[in-house]
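Colleague: Next input, structure requested:
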Amino acid sequence: MLFFKTLPPEEAKQLSPVTLAFVGDAVYTLCVRSKLVLTADRRPAELQKLSAAAVSAHGQSALLRRVESLFTEEEHGIFMRGRNAKKATKSKNADVAEYNRSTGFEAVLGYLYLTGDEQRIYQLLEAGNAD
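Modeller: Residues are numbered from 1 along each chain as shown. Predicted coordinates:
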């Protein structure tokens, strides 16, 4: 549940894709941590290790491979902007392609969150985690 006014899609699209990814990273981290806590009775150190693996550029890139074909045209455009954006930092543990793809994925999540489309976030994450 959002505690602020959502942005209209037109305004959210005006944000930098790296800014959208900044929000999307937090959204994805919260979703992963919530799922772990609700589905696994583990110690915090184990939860942190599992969370870090999922939230890593490598983990996000793997999830993205499973959901990218489900993106709407709008989501695909946001993904491409995030993937191609100039970033101020470089990944310490992922190759450039994975890092860029994960940034694009985070941009999509950030966009969906800021526009209030939490249901779509959950649809994508559920589809990506279906075994």
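Colleague: Any regions of the protein where pLDDT drops low?
Modeller: Within the chain, the segments meeting pLDDT under 70 span 1-3, 88-92, 94, 130-131.
Colleague: where along it do the strands fall?
Modeller: Applying DSSP state E to the chain gives no strands.
Colleague: Spatially nearest residue to the residue positioned nearest the centre of it (excluding sequence neighbours)?
Modeller: By Cα atoms, centre = their mean, the chain has its centre lying nearest to residue 106, at 3.3 Å. Residue nearest to residue 106 in three dimensions, not counting chain neighbours: residue 24, with 3.4 Å by Cβ to Cβ, 6 or more residues apart in numbering. No exception for glycine: its C-beta is placed from N, CA and C like everyone else's.
Colleague: Next, find the distance separating residue 9 from residue 101.
Modeller: According to Cβ to Cβ, to the nearest Å, residue 9 and residue 101 sit 23 Å apart.
Colleague: got it, and residue 65?
Modeller: Distance from residue 65 to residue 101, by Cβ to Cβ: 9 Å.
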